[in-house]
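> All I have is the shape, not the residue letters:
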């Protein structure tokens, strides 16, 4: 089968190559998926191997068809059209076939093609887990949530684009950050009630909207530069969810302590990495996301596409993601 | 009225003095309480004034009788026997009369005397908010919680003593830490299922109990020395609640991030300090605690007592608390 292997931690020409790999075999709860489309995420370039490490197939978003099922598989059969983000500890989606535990997979939206479906899993799982598992917002009670405010830092990114929509479905007042005209328009189109600029004074902009504080902050961008601002903006007893590590020493006490705030980490791969008892929750989340998409409640956020899936395009995708300015999701589809 | 005023941040003889203070007047939602008994907490010595600051009446646990009500008071009337922890931003309980917002107060248990009642509010509110508000444990579903494990670091202290009991009422498996024979027995008597020693290797002791991880950690002791151990012991998607600030730079990322853990602060005075909309929650918590006590479900943890309430005994109490080895609560009652 075809696969794209990174041989060093770089997005320069030659860092990834098209190669022929052995097609794996499904056992246990694994299914083998023939991949039609993939989407790219910042984690892709964060887990490229060092030159001293073995070459690696990365990529963590795919849509495809089930072609083989392990002996313990109960959720799928051959021919099912599925989508998933998978498991960061295993070989990735940048290959023609991939093994994935069925508990991390769901049938993809019937209203979308493979490429648009592939744009959804990693960001939807991250946004869902961040808002509903980590921050503890109840998605079933939009009426109780309607006076609650959430600040979504990095609204136009992959995770932010889904989080804006999920937060609106949950009934919250959504303030999203964006720093350019096009990203700001994007957030507004996804339903954000207010847009503020994360390159300017966030607490001041929030006050100008009439909000002293927000009940929740979901920060899908870097955290160092806005740490003090978050301490100022978070409401007493508020919750903050983070997905990106910090680069400098940050004090999690101080105002956060006085306010009895919660600081929550969301790492989408925790369930699969630690094989938690509730790993199947990701199957259920992806099922719900597919239903929301098919009912027109959630918009897939694929915003640019390339084909075919090959080393040249994957490297180009890594370079775009590294720039930190992509809006929505970048998808790749087809094999040459 | 009589009052005890600290004039400097010390527990040495002469740092607090018995003085005569003007009796305050209740307005708004304040009630005026004639104090019969008080209890001591570590916060008492943490908020003593510096010599450059004005003298201060500290103390944040009391039981007494309502003697006056402000014009907006609806929850109480003259003669009600009440208990409360109060508000750290206002004058404290080490005085014959004190003003307190009615939303922070409840009628005290009918089965206890004033001294035992006074031992309850601050620790019960802290333990309740830590487990049920911050960690999000549902106290109503003990059956769903019965496979969940909580590690309570500092089980024999004031807050730990209540937290052990509340965690057992909520159905959890409770591992408490204690470092001496008497404190270990104390935790066991309060219902802890297992005791381990926080001066020895915590993760190893946990493993010897057959537990790789715990779903929750409630740390009511210092946090610096056990930070790495907490990162190791917390389960994926687990929650940690802290009440004491850190002395060194601690990294809240690393394993906590990989595990999608939550780090929650519990500061019992947040609601009153920020006058949150749900400030009245403390009234309701104290009502529930009184019911649990009167129904024999919760044991008040007063463990030593002194009388009368005067500067000499208050200073002695501060010295005992500063030693960090007190078990349960120290209460003072009566005026000479």
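Okay, I see it. The model shown is predicted, which means the values in this text are computed figures rather than measured ones.
> pLDDT averaged over stretch A:265-275 - what is it?
Averaged across stretch A:265-275, pLDDT comes to 97.
> so how far is residue A:104 from the closest residue to residue A:169 other than its chain neighbours?
Of all residues not flanking residue A:169 in the chain, residue A:297 sits nearest, at 6.3 Å (CB to CB, 6 or more residues apart in numbering or on different chains). Just so you know, the C-beta spots here come from the backbone N, C-alpha and C atoms, and that holds for glycine as well. Going from residue A:297 to residue A:104 by CB to CB, to the nearest Å gives 23 Å.
> Report the beta-bridge partner residues of residue A:333.
residue A:37 (DSSP bridges).
> Enumerate every residue touching residue A:176.
Residues near residue A:176 by CB atoms under 8 Å, 6 or more residues apart in numbering or on different chains: A:151-152, A:155-156, A:160, A:164, A:187, A:192, A:194-196.
> ok, now with 7 Å
Applying CB atoms under 7 Å, 6 or more residues apart in numbering or on different chains to residue A:176 gives the contacts A:152, A:155, A:160, A:164, A:187, A:192, A:195.
> which SS state does the first one fall under?
Right, residue A:152. Secondary structure, DSSP: H, G, I helix; E, B strand; the rest coil: residue A:152 is strand.
> still on that earlier bit, name the residue in residue A:297 and residue A:104 with the higher neighbour count.
Using other CB atoms under 10 Å in any protein chain shown as the criterion, residue A:297 and residue A:104 rank with residue A:104 on top: 25 against 13.
> OK, contacts around that one?
A:84-87, A:272, A:282-283.
> Same check on residue A:48?
Listed by CB under 7 Å, 6+ apart, the contact partners of residue A:48 are A:6, A:9, A:56, A:58.
> Please list only the buried members of these.
A:6, A:56, A:58 (16 or more other CB atoms under 10 Å in any protein chain shown).
> residue contacts, the first one?
Pointing back at residue A:6 there. The neighbours of residue A:6, taking CB under 7 Å, 6+ apart as the test, are A:15-16, A:48-49, A:55-56, A:58.
> could I get the residues you listed as JSON lines with pLDDT and secondary structure?
Shown next, in JSON lines, are the contacts of residue A:6 (pLDDT from 0 to 100; DSSP: H, G, I helix; E, B strand; the rest coil):
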{"residue": "A:15", "pLDDT": "97", "secondary structure": "coil"}
{"residue": "A:16", "pLDDT": "97", "secondary structure": "strand"}
{"residue": "A:48", "pLDDT": "97", "secondary structure": "coil"}
{"residue": "A:49", "pLDDT": "96", "secondary structure": "coil"}
{"residue": "A:55", "pLDDT": "96", "secondary structure": "coil"}
{"residue": "A:56", "pLDDT": "96", "secondary structure": "strand"}
{"residue": "A:58", "pLDDT": "97", "secondary structure": "coil"}
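> so can I have TSV of the residues you listed showing distance to residue A:36?
Below are the contacts of residue A:6 laid out as TSV (distance: CB to CB, whole Å):
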residue	distance to residue A:36
A:15	25
A:16	20
A:48	24
A:49	26
A:55	24
A:56	22
A:58	18
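> Residue A:79 contacts residue A:64, correct?
No - Residue A:79 is beyond contact range of residue A:64, at 11.2 Å (criterion: CB atoms under 7 Å).
> Between those two, tell me which one has more neighbours.
For residue A:79 versus residue A:64, neighbours defined as other CB under 10 Å are more numerous around residue A:64 (28 against 8).
> tally of neighbours for residue A:12?
Residue A:12: 10 neighbours (other CB under 10 Å).
> Ignore what I typed, I meant residue A:310.
Look at residue A:310: counted by other CB under 10 Å, it has 20 neighbours.
> what sits against the residue nearest to it when sequence neighbours are not counted?
With sequence-adjacent residues excluded and distances taken as CB to CB, 6+ apart, residue A:310 is closest to residue A:18, at 5.5 Å. By CB under 7 Å, 6+ apart, the contact list for residue A:18 reads A:2, A:4, A:310-311.
> now these: which count as buried?
Buried among the contacts of residue A:18 by 16+ other CB under 10 Å: A:2, A:4, A:310-311.
> can you tell me which of the residues you listed lies nearest to chain B?
residue A:4 (26.1 Å; CB to the nearest CB).
> Just grab the bridge partners of the closest one for me.
Beta-bridge partners for residue A:4, by DSSP bridges, are residue A:18.
> repeat for residue A:107
Going by DSSP bridges, residue A:107 forms beta bridges with residue A:82.
> if I pick it, what's in contact with it?
Contacts for residue A:107 (CB under 7 Å, 6+ apart) come out as A:80-82, A:290.
> ok, back up a step: please list the members of the buried ones among the contacts of residue A:18 that lie in strands.
Of the buried ones among the contacts of residue A:18, the ones assigned to strands by DSSP state E are A:2, A:4.
> Format the buried ones among the contacts of residue A:18 as CSV; extra columns: distance to residue A:179 and pLDDT.
CSV is the format used below for the buried ones among the contacts of residue A:18 (distance: CB to CB, whole Å; pLDDT from 0 to 100):
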residue, distance to residue A:179, pLDDT
A:2, 38, 97
A:4, 32, 98
A:310, 32, 97
A:311, 32, 97
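> ok, the buried ones among the contacts of residue A:18 vs residue B:320, which is closest?
Proximity of the buried ones among the contacts of residue A:18 to residue B:320 (CB to CB) peaks at residue A:4, which lies at 67.2 Å.
> Now whichever residue of the stretch 1-150 of chain A sits closest to chain B: closest residue in space, sequence neighbours ignored.
Closest approach between the stretch 1-150 of chain A and chain B, counting by CB to the nearest CB: residue A:136, at 5.6 Å. Among residues not flanking residue A:136 along the chain, residue B:136 sits closest, at 5.6 Å (CB to CB, 6+ apart).
> Sheet partners, orientation included, of the least confident helix or strand in chain A by mean pLDDT?
Sorted by mean pLDDT, DSSP states H and E, the helices and strands of chain A end with strand A:302-306, the least confident at a mean of 89. Sheet pairing of strand A:302-306 (DSSP bridges) gives strand A:329-333 (parallel).
> hey, where'd the helices end up in the stretch 51-200 of chain A?
Secondary structure of the stretch 51-200 of chain A (DSSP state H, counting those that start in this stretch): helices at A:114-118, A:121-128, A:158-169, A:181-189.
> I'd like the ones you listed as CSV, with mean neighbour count appended.
Shown next, in CSV, are these (neighbours: other CB atoms under 10 Å in any protein chain shown):
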stretch, mean neighbour count
helix A:114-118, 26
helix A:121-128, 28
helix A:158-169, 27
helix A:181-189, 17
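> Tell me which of the ones you listed lies nearest to residue A:218.
Closest approach to residue A:218 among the helices of the stretch 51-200 of chain A (CB to CB): helix A:158-169, 5.6 Å.
> what does the stretch 201-336 of chain A have sitting close to chain B?
The stretch 201-336 of chain A comes close to chain B at residues A:236-237, A:245-246, A:249, A:252-253, A:256-267, A:270, A:274, A:276, as judged by CB under 7 Å from any CB of the partner chain.
> Now which of those would you call buried?
A:236-237, A:245-246, A:252-253, A:256-267, A:270, A:274, A:276.
> For the spatially most central residue of chain A, which non-adjacent residue is spatially closest?
Geometric centre of chain A, nearest residue: residue A:123, 2.2 Å, by CA atoms, centre = their mean. Using CB to CB, 6+ apart and skipping the chain neighbours, the partner closest in space to residue A:123 is residue A:158 (4.3 Å).
> can you pull the contacts of the one you found?
Residues near residue A:158 by CB under 7 Å, 6+ apart: A:41, A:123, A:301, A:328-329.
> which one of these is nearest residue B:225?
residue A:41 (37.8 Å).
> if I look at the nearest residue to residue A:171 once chain neighbours are set aside, how far off is residue A:99?
Once flanking residues are discounted, residue A:171 sits nearest to residue A:142: 2.8 Å by CB to CB, 6+ apart. Distance of residue A:142 to residue A:99, computed by CB to CB: 38 Å.
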